[in-house]
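Student: my questions concern the predicted model and sequence given below.
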Amino acid sequence: MLEVAKHHVTATNVTFQLEDCQTTSLPNSTFDTAFISLVIHFTEPDRTLSEMHRILKPSGMLIIANLDLKALNGLNRPAQRHADLVPRIYRLSSQAA
């Protein structure tokens, strides 16, 4: 996928690098916006959200896209553990408001 992106995006201010969304090498409080798509259900959501919060500026926004909500079912994780996931995502994205 990175090679496809590199081929199609020719802007000089864009770089691509492979990172683990739960433990990146990116500096603290660097980004205005972070976007993750079709990945949160493959991770430990608490670790992923913590890492995204770490790399975002204090007024930054996290955008999470998962087109198939059913993909989050059947992960053999306790339902209660993720019951507050949506409110925490909202709090992360609304801190600037």
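Tutor: Ah, there it is.
Student: so for residue 79, what's the pLDDT?
Tutor: Confidence at residue 79, expressed as pLDDT, is 47.
Student: for the nearest residue in space to residue 2 that is not next to it in sequence, give me its contacts.
Tutor: The spatial neighbour of residue 2 that comes closest, neighbours along the chain excluded (CB to CB, 6 or more residues apart in numbering), is residue 16 at 5.2 Å. Yep, even glycine has a C-beta here, placed from its N, CA and C like the rest. By CB atoms under 8 Å, 6 or more residues apart in numbering, the contact set of residue 16 is 2, 5, 6, 9.
Student: make CSV from these and add neighbour count and pLDDT to it.
Tutor: Below are the contacts of residue 16 laid out as CSV (neighbours: other CB atoms under 10 Å; pLDDT from 0 to 100):
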residue, neighbour count, pLDDT
2, 9, 83
5, 10, 87
6, 12, 89
9, 10, 91
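Student: wait, which of those residues is closest to residue 20?
Tutor: Taking CB to CB as the measure, residue 20 sits nearest to residue 2 out of the contacts of residue 16, at 14.0 Å.
Student: so how far is residue 64 from the closest one?
Tutor: Using CB to CB, to the nearest Å, residue 2 is found at 20 Å from residue 64.
Student: kindly report the same for residue 28.
Tutor: Separation of residue 28 from residue 64 (CB to CB): 20 Å.
Student: quick check, pLDDT for residue 41.
Tutor: pLDDT at residue 41 comes out at 78.
Student: buried set for stretch 11-26?
Tutor: Within stretch 11-26, the residues that qualify as buried are 21, 22, counting by 16 or more other CB atoms under 10 Å.
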